[in-house]
Every structure is written in structure tokens, then in C-alpha cells.
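# Structure, please.
(one chain, ligands or ions: 2)
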Amino acid sequence: MSKSTTRQFQTPRGTRDLLPDDYAIHSHILSHAQEEARLAGFGFIEPPTFEHAELFARGVGEGTDIVEKEMYIFDDRGGDRLALRPEGTASVCRAYLQHGMSNLIQPVKLAYHLPIFRYERPQAGRSRQHTQFGVEAIGVRDAALDAEVIDLGWRIAQSLGLSELKILLNSIGDVQDRQAYVPLLKAHFEPHLNQIAPDDRGRWDRAPMRLLDSKDERTRPFQAGAPLITDHLRPESQAYYESVKSHLEALGIPYEERPNLVRGLDYYTHTVFEIVPAQVEGSQVTVLAGGRYDGLIEQIGGPPTPGIGFGMGLERMAHHLREQGLAPEMSSGIDVFIAALGEGSDIAASRIAGELRSVGIGATLAFGGRSLKAQLRQANRSGARLAVIAGARDLAEQRVTVRDLQSSEQWQVNLDVLAESLMDQLLDEMIDEFSTDFEQILDEDSPDLPYTQAQD
Ligand code: ATP
Ligand code: MG
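Ligands and ions are numbered 1, 2, ... in the order given. Got it, this is the predicted structure:
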């Protein structure tokens, strides 16, 4: 006898649902990021979720982990080989070329907010679908622009109240700088190939600079004493790096140099940077990372065109905000809860809810024909400040009862002035609350508001 069971579906491994509380933090982060990007002159772009797989193979680089092991690739019914986007930069550069944006004033500044897909080993801070807010400034190679992009990342973090982050900075030179440097680096690790992590052994050949920031305990001991790219930059690359640092200093942006900071994608040249929590070093904590990619557009079939950008992981940023107690307070959006009592009152309650929403008051009803007591219990949990009790007897006389859910005070209001009266009441309460908050701020000794950035 077969017992029929219905499968309980779960999110695929390495993915999760963004629930309303999470969504509220994401929106909070995004609104700050978008506002800062707008103030720096960025327009917004949204490329499709999938592209020709070849774009990423060329743009991100054959031999990178992303292309080799992590892409979600599929053939569509027409036989095209497509991939869910594993990062945003290649798509935005493709769009820059496709739409002839080199004819616009340079740099072209584009920001985006996109889901990113990578077949990674799921762990805390690392999932198979994450969301990035990113920016790209394409068409100009100027140290001032590098500093501006880093400044934007820093401003976003500051505007969210995050004061305990730090910027890590490095220059990884360009192809020419690396021609001289990479053989030295390979020679340094070569005698230890049998001892370092197997994954890193593979990298030794195809992306040897990645060994420098390997987090694997088997590789780490051999990082000490490795030659550093910053000691092997040509004078012009060195001068560019110095200029980026001077601009950052002029802007008052703190940074720490990390000569072994390299990035996981092939296309980076010169400036690379990360924003990380000041206290925790290690993987899975970087909230924002980026750099200059002067070779990328040529790799994907365009003329030589410089660019710089960053990607910020929203999930990691949200986690960090929560840890720092900086997640915004959630509000349900509901100001008024409408309870109905007696014959025909449910229709009146629906009508009242509609009228309130039309004037911008958040309103909800108790559904399911429950007792008044149950409805009021629900009202108390709804986050609403006021309840409207629409009783059949009151309604017959064109009025309802309004109840303050905090003080339990009640009074009657005529239906024709209900919206207006509720609005007054809600505004009064908001003003009271605001003055209390304001007095508290004035009372506090510390002049350090979370949004103030140290200027010196
Ligand atoms: P990591 O070193 O953590 O693997 P990465 O170098 O792969 O990061 P980027 O490709 O530059 O990261 O992505 C930019 C940002 O996106 C990261 O700094 C991080 O905040 C976030 N991010 C990257 N991969 C993931 C992931 N698998 N899950 C969650 N967030 C991620
Ligand atoms: Mg990664």
C-alpha cells in the first residue's frame, strides 16, 4: 500500500526568502545608497538577469573561480548558452558598448541593484543568490575618480551610521607591471606547492596573485615574505597610486594600505579596495569591494576604455547593521485598525478603510467576523495607534467610536469628519513623539551624532 505524501518544498540550498523584516532593512540600505549615488551624479541601470555566458567568460576571466566553478549556466530552447549573472560589472560594460555610451560625456556613471548568482559553498555570509548595490564609472582614468568612487562607498556606510568600518586599499598595477612581478611571486610559492591548500595549488598557475589573500590556514604561513606588487610597480603606476592616496587624504577619507589585497576577478588593474568591519578580519565579512578595470571593455570586444566601480553586498550590510544595533525600527504602516460590530457593519468598515487609505492613512480591518474582544486584541497587536469601532447602532446615527490604543481613551466622531479628525489626532501624536525625541537629543551630552563624519 503506498502512502501518498505531499512534498514540502524548501528554498534551494544556499538561497533564502527575504521576509518583511529583512526587506525593510534592505530598503533602508538601498534608499541611502541610491541617494548617495544620485548626489554623486550616478544614473540607474538594470541589465537582464541572464546574459550570454561568453560575456562573463571573457569579462570576468576564464580561470577565475566564478567562471570555472560558480556560474549557473544553461542552454535555452533556442540553443543559446546563457548564464545567470555572477556579477554586475561585465553586464554594465556590455550595456555601455551596446548603447554607444562612449558618445556621452565621460565618465558615464551607472548604479545598479541586482540579484547575483554564484554556485558557492553556502555558509554564514555566503549564499548562492545575493544582492549587490553597485556602481560603475566608465570612460575616464583619473585618480580623482578612483577617490570619488571610494568616497561614495564610504559615504553610504557613514550615512547608515556605520562608524566602525575601515577601508583597505592597494594597487595591483596593470598587465605590464604584473609581467615582471608574477614570475617572482610564482617562484616564491613554488617550493611550497605540496604544502599549500589544494585549491590554492590550482591558483598558483592561473591566478597566482590570489595566493596572497588566501584565507586557508595551509597557505597562510607561506604568504610571509612573498614579494609584493607595490614594490614592483612601474613609476607611472606608482605615481597613479600615490595620486589616489593624495585625493583620499584631501577628502578626509581614512584608509589602510594592504599590499596583499588582491581581488578575485581577473579584470582589476591599479586601484583595488574593500570596506570591512574594523574589528573582524577574515573572509565573509567584506561588505563592499571594488576596483579599477581598465582592461575589461577591451576583453569584451570594445575599444580600450577605463573604468572603476564597486559592489556592496546587501545581505552582509544588513547583517552588519543588525549586529551594530543600527537596523531601523520596523513600523507596520498601519495607523488605524477598524473593528466592526453588528449587522451591516462589515461593509461600512471596508468603506471607511478605503476612505482612510485614499487620504494617506494606513488602515486595516479585522477579517473573519470575530468578536469585538478578539478584534480589539488584534488591533493592539497590529501596530496601529487608533482603532475605529464601527458598531451597527452608532453607524445608524452616522458616527463611530474612536479608541486610542495606547491610553484606551474612547470618543465618538461623526462619519463625515472621520478622516479629518483621525488625521489631526495622528499628527498630534507624531508631534508629541518628535518633541520627546528632540528633547532627549538635546539632553544628551555627547555631541557625536551617528551621522557626523570625523573631518580631521
Ligand atoms: P568574497 O571575498 O567575500 O568572496 P568577492 O570578492 O567574491 O567576495 P565581489 O565579487 O567583489 O566579492 O562582490 C562584492 C560584494 O558582494 C562582496 O564584498 C560581498 O559583500 C558581496 N558578496 C559576494 N559574494 C557573496 C555571496 N556569495 N554571498 C553574499 N554576499 C556576497
Ligand atoms: Mg567570492
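
# can you tell me the helix or strand for residue 200?
For residue 200, the element it lies in under DSSP states H and E is helix 198-206.

# from the middle of its chain, how far away would stretch 231-248 be?
Remark: stretch 231-248 is offset 30 Å from the chain centroid, using C-alpha atoms, centre = their mean, to the nearest Å.

# Can you give me the pLDDT of the closest residue to ligand 1 within the stretch 1-150 of the chain?
With C-beta to the nearest ligand atom, the shortest gap between the stretch 1-150 of the chain and ligand 1 falls at residue 130, namely 3.4 Å. All C-beta atoms are positioned from the backbone trio N, CA, C, and that covers glycine. On the pLDDT scale, residue 130 is placed at 98.

# okay, now it: neighbour count?
By the criterion of other C-beta atoms under 10 Å, residue 130 has 21 neighbours.

# One more: residue 135?
Using other C-beta under 10 Å, residue 135 has 27 other residues around it.

# mind checking how far the helix or strand where the residue of the stretch 1-150 of the chain closest to ligand 1 lies is from the chain centre?
In the assignment (DSSP H and E), residue 130 maps to strand 129-138. Relative to its parent chain, strand 129-138 has a centroid offset of 8 Å by C-alpha atoms, centre = their mean.

# about what we covered before: and the residue of the stretch 1-150 of the chain closest to ligand 1, bridged to which residues?
Bridge pairing for residue 130 (DSSP bridges) gives the partners residue 116.

# Now do it against residue 16, distance only.
10 Å (C-beta to C-beta, to the nearest Å).

# Same question for residue 306.
Relative to residue 16, residue 306 is positioned 37 Å away (C-beta to C-beta).

# Check what pLDDT the closest residue to residue 227 other than its chain neighbours gets.
Spatial nearest neighbour of residue 227, excluding adjacent residues (C-beta to C-beta, 6 or more residues apart in numbering): residue 184 at 4.5 Å. At residue 184 the predicted local distance difference test score is 94.

# Go ahead and report the secondary structure state at residue 184.
Recorded secondary structure, residue 184: helix (DSSP: H, G, I helix; E, B strand; the rest coil).

# try the one 10 residues further on
Reduced to three states with three-state DSSP, the structure at residue 194 is coil.

# ok, it - how many residues close by?
6.

# Residue numbers of the stretch 1-150 of the chain in contact with ligand 1?
Where the stretch 1-150 of the chain comes near ligand 1, counting by C-beta under 6 Å from any ligand atom, the residues are 87, 118, 120, 126, 127, 130, 132.

# Could you tell me the phi and psi values at residue 146?
Phi and psi for residue 146, reported as degrees, to the nearest 10, are phi -60, psi -50.

# check contacts around it.
Going by C-beta atoms under 8 Å, 6 or more residues apart in numbering, residue 146 touches 244, 247, 270, 271, 292, 308.

# Looks to me like the first one is in a helix.
Right, residue 244. Yes - counting by three-state DSSP, residue 244 is found in a helix.

# Quick check, it in contact with residue 142.
No - counting by C-beta atoms under 8 Å, residue 244 does not reach residue 142; the two are 9.7 Å apart.

# Those two: which is more packed in?
For the pair residue 244 and residue 142, the greater number of neighbours falls to residue 244 (25 against 17), based on other C-beta under 10 Å.

# which residues sit in contact with the closest residue to residue 92 other than its chain neighbours?
For residue 92, ignoring the flanking residues on the chain, the nearest one in space by C-beta to C-beta, 6+ apart is residue 136 at 4.7 Å. If you count contacts by C-beta under 8 Å, 6+ apart, residue 136 has them with 88, 89, 92, 93, 96, 109, 110, 111, 307, 308, 309.
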